[in-house]
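[1] Sequence and computational prediction follow.
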Amino acid sequence: MQLKRDTDYALRILYCLKLNNDDRGTDTTHGMTLTEIAAQTGTPKIVAGRVCENLKESGMIKMISEQEAAERVYASDGTLLNTTLLDVIEAVEGTGQLFAVFDKRSAVYKNCEMQIQNVQKRTDKVLARATLGKLFEQKPGF
């Protein structure tokens, strides 16, 4: 499975917002502007805006305000670290289905459907156990 670059950007953005929360404690009223997020994550601003909107629609982050010149301010809350990798993938990719592109009418799919479904279930379980809290843990040598 190859994920879209937007999933990488989403993880960068979520990590950036997590660090912003760490710096501010529990105060989530002071988020980060889209310009700040883009600069700190190395994400093109237009892409950061699209990804932030996907994350907002999925409930992973919130938009605090929209300042003049359409500058949006985003923040996360205390539930961010409970978000799973599967949640992020589905928010950005639209699906976590490994075999979504398969032609369901093909002989391969018809003959292997049960095995394909089993692989998908196992993959979903692994991704659903991988929380951002575990992913973002700071360890020596990270």
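    Yes, it's here.
[2] pLDDT score for Phe102?
    The confidence metric pLDDT takes the value 80 at Phe102.
[3] what do you get for the one 3 residues further on?
    For Arg105, the pLDDT comes out at 86.
[4] ditto for the one 10 residues further on
    Gln115 is assigned a predicted lDDT (pLDDT) of 90.
[5] Now name the helix or strand holding it.
    Under DSSP states H and E, the secondary-structure element containing Gln115 is helix 107-129.
[6] buried set for that helix?
    Neighbour-count burial for helix 107-129 flags Ile116, Asp124, Leu127 (criterion: 16 or more other C-beta atoms under 10 Å). Where you see a C-beta, it was placed from the backbone N, CA and C, and this is true even at glycine.
[7] Just say helix, strand or coil for the nearest residue to the last one once chain neighbours are set aside.
    Leaving aside its chain neighbours, Leu127 sits nearest to Leu86 (3.8 Å; criterion: C-beta to C-beta, 6 or more residues apart in numbering). Of the three states, Leu86 takes helix according to DSSP: H, G, I helix; E, B strand; the rest coil.
[8] Report the contact partners of Leu86.
    Contact analysis of Leu86 by C-beta atoms under 8 Å, 6 or more residues apart in numbering lists Gly96, Asp124, Leu127, Ala128, Ala130.
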